[in-house]
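**Student:** Quick one, structure for this:
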Amino acid sequence: MSRDLKFWGLIGFVFIAAVAGVMAYLALTAPLSGKLRLGADPVNSEPYEMATAIAHVISRTYPGLEIEVVPTGGSSENMNLLTSGELDLALVQAEVISRENVSLLAVLYHDLFQLLVRDDSGIEKLKDLEGKRIALPPVTTGQYRAFWFLANHYGLAPERIIAIPMNTYQADEALVAGQIDAIFRVRGPRNSSIRVLFGRTDLRFIPIDQGDALHLRQPAYTASFIPKGSYRGDPATPAEALPTVAVDRLLVARDEVPEEIVRAITSVLFEKRRDLALRTPLAALIRQPEIKQGTMLPVHGGALSYYEREKPSFLEEKAEFLALIFSVLVVLTSLAIAFTRRFYERQKGRIEDYSIELLELEKSAKGATSIPDLDICKHRLTEILAEAVDDMRHRRINAEGLQLFSFVWESVNYTINDHEEQLRLGPGPSGYAGGSANVTARTKSNNNRKRQMRQTRRKPSQESARTDS
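**Tutor:** Numbering: from 1, shown residues only. All right, here's what the predicted structure looks like:
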């Protein structure tokens with residue numbers, strides 16, 4: 001690959017990485033946008049008031065998010081519309097929830113079972129409802145089903161109860177006019193329509209004192225009470241804390257709603273609670289689901305990411321352990337580097353020992369005056385070669401060191417052979433014709449070969465020095 005091609009390839013890679021980074025940044029910082037439909041109960045009801053407050057504060061916090069509040073017949077209808085995809089969010093009572101395609105965002109507040117009767121109705125307890133006229137919420141609401149669940153628990157005969165489904169306005173007017181004897185509602189404490197009723201006619205609450213037993217049959221129901229003086233302070237209405245049953249009012253969403261949008265909505269519920277409470281006091285009761293204890297409805301991933309925002313990440317949670325591992329790795333790496341350096345130094349020292357011994361051997365060979373003395377030197381030279389090969393096999397010297405050793409060894413071997421030839425031939429003029437010239441030639445050749453050996457020995461040493469640095 002040419003240098004220009006590598007350069008332009010690098011430039012292209014950097015450009016693509018930069019574009020990808022910019023696109024990722026824009027995607028993460030882009031303002032939220034979308035249009036969602038939020039289902040609530042009929043207009044002027046507490047759930048509708050809560051839904052309107054939520055939609056208003058969300059639109060102010062995230063202008064790109066448009067929440068349309070849709071009035072419905074109640075929790076049962078909301079759940080059906082969620083499942084069919086006609087709603088994206090809804091307020092529902094906990095006992096009508098379905099696990100199919102629906103997830104939980106938050107617990108908004110708790111609704112209370114509230115059974116009111118006229119003072120002149122003669123109704124003192126639940127069993128007295130038999131033969132009386134009672135106004136119930138519309139059939140599509142969870143309140144309607146809650147009453148019949150309650151009646152079944154207390155053993156009321158359905159055929160002996162004159163139940164008339166009505167909307168809130170119709171039921172209020174009928175009760176004031178004496179056309180019905182009682183009304184049943186599942187509403188928040190200090191409900192505005194009930195508070196108005198106490199100012200228009202004489203009413204009483206009927207206690208519902210088996211909340212714990214009802215909880216065994218329906219876990220969504222829990223024992224609770226209506227606080228003394230909730231609807232009037234003097235005279236106190238109710239006159240004392242009245243036992244009753246509570247059920248949570250939930251904000252739920254379809255699973256398909258994007259997690260980033262659900263997280264934003266959840267953040268508004270808790271971080272803008274003051275703004276919500278200015279529009280509906282019930283917003284002060286908004287709370288997080290009991291995730292650790294388990295919920296009857298799965299928590300939406302977006303809401304869960306908000307609730308766990310302060311939960312330490314895996315790296316933070318395992319910081320001490322990872323620090324220990326890192327420290328151990330650093331120590332092991334340092335030891336490995338030190339061991340490698342020491343091993344290399346030992347290899348280098350081994351070569352230096354061989355070189356010194358070879359030079360001493362060369363000196364001894366030059367001073368030899370007989371062939372037997374040279375044979376001793378040659379024998380030792382062979383032993384040194386065998387030792388070096390064995391060291392190479394056991395990694396006591398490396399290939400570079402062996403190469404340097406071979407040059408020195410060959411130089412010494414040549415010196416010994418040359419000196420042996422001189423001893424065998426004797427002096428030039430008397431030993432053989434042209435001896436002096438030949439010796440001179442051999443001497444020059446030997447000197448040239450030694451000079452070449454020294455240059456070759458210096459070159460690996462320089463390379464080794466560069467490697468050490």
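**Student:** Show me the chain divided up by domain.
**Tutor:** 1-28, 34-311, 321-468 (automatic domain parsing).
**Student:** Take the ones you listed and lay them out in JSON lines including mean pLDDT and mean neighbour count.
**Tutor:** Yep, even glycine has a C-beta here, placed from its N, CA and C like the rest. Formatted as JSON lines, those follow (pLDDT from 0 to 100; neighbours: other CB atoms under 10 Å):
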{"stretch": "domain 1-28", "mean pLDDT": "59", "mean neighbour count": "9"}
{"stretch": "domain 34-311", "mean pLDDT": "92", "mean neighbour count": "18"}
{"stretch": "domain 321-468", "mean pLDDT": "71", "mean neighbour count": "14"}
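**Student:** contacting residues around E259?
**Tutor:** By CB atoms under 8 Å, 6 or more residues apart in numbering, the contact list for E259 reads H300, G301, G302, S305.
**Student:** swap the cut-off to 7 Å and go again
**Tutor:** G301, G302, S305 (CB atoms under 7 Å, 6 or more residues apart in numbering).
**Student:** go on, E420?
**Tutor:** Taking CB under 7 Å, 6+ apart, one finds I371, L374 in contact with E420.
**Student:** picking that back up, filter the contacts of E259 down to just the ones in helices.
**Tutor:** G301, G302, S305 (DSSP state H).
**Student:** For the last one, which non-adjacent residue is closest in space?
**Tutor:** In space, S305 comes closest to R263 once its chain neighbours are excluded; the distance is 5.4 Å by CB to CB, 6 or more residues apart in numbering.
**Student:** Mind telling me what element the one you found is part of?
**Tutor:** Per DSSP states H and E, R263 falls inside helix 259-271.
**Student:** what's near enough to touch the residue nearest to S305?
**Tutor:** With CB under 7 Å, 6+ apart, R263 has these contacts: G302, A303, S305, Y306.
**Student:** Just give me the longest strand of this structure.
**Tutor:** strand 102-118 (DSSP state E).
**Student:** now the angle from it to helix 259-271?
**Tutor:** Using axes from the mean of the first three to the mean of the last three CA atoms, to 10 degrees, the direction of strand 102-118 lies 40 degrees away from that of helix 259-271.
**Student:** which secondary structure elements does strand 102-118 contact?
**Tutor:** In terms of contacts (3 or more CB pairs under 7 Å, 6 or more residues apart in numbering; DSSP states H and E), strand 102-118 is packed against strand 182-187, strand 203-205, strand 221-226, strand 242-254, helix 259-271.
**Student:** and of the contacts of R263, the nearest to A338?
**Tutor:** S305 (46.9 Å; CB to CB).
**Student:** any idea how far A264 is from that closest one?
**Tutor:** 11 Å (CB to CB, to the nearest Å).
**Student:** OK, contacts around G142?
**Tutor:** Counting by CB under 7 Å, 6+ apart, G142 has contacts G74, S75, S76, Q93, E95, V96, V186.
**Student:** Try it again at 6 Å.
**Tutor:** Taking CB atoms under 6 Å, 6 or more residues apart in numbering, we find G142 in contact with G74, S75, S76, Q93, V96.
**Student:** do V412 as well
**Tutor:** Going by CB under 6 Å, 6+ apart, the list of residues near V412 reads L358, L361, E362.
**Student:** was I right about T266 contacting E308?
**Tutor:** No. Look at T266 against E308 with CB atoms under 6 Å: they stay out of range, at 11.3 Å.
**Student:** any shared contact partners between those two?
**Tutor:** Counting by CB under 6 Å, 6+ apart, no residue touches both T266 and E308.
**Student:** which residue packs closest to S103, ignoring adjacent ones?
**Tutor:** H300 is the one closest to S103 (CB to CB, 6+ apart), at 3.6 Å.
**Student:** in terms of contact, does the one you found touch N101 like I think?
**Tutor:** No. Applying CB under 6 Å as the test, H300 and N101 come out as separate, 11.3 Å apart.
**Student:** on that earlier part again, which one of the ones in helices among the contacts of E259 is nearest to D120?
**Tutor:** The closest of those, once distances to D120 are taken by CB to CB, is G302, at 52.8 Å.
**Student:** In TSV: the contacts of G142, plus distance to T333.
**Tutor:** Below are the contacts of G142 laid out as TSV (distance: CB to CB, whole Å):
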residue	distance to T333
G74	67
S75	63
S76	66
Q93	62
V96	62
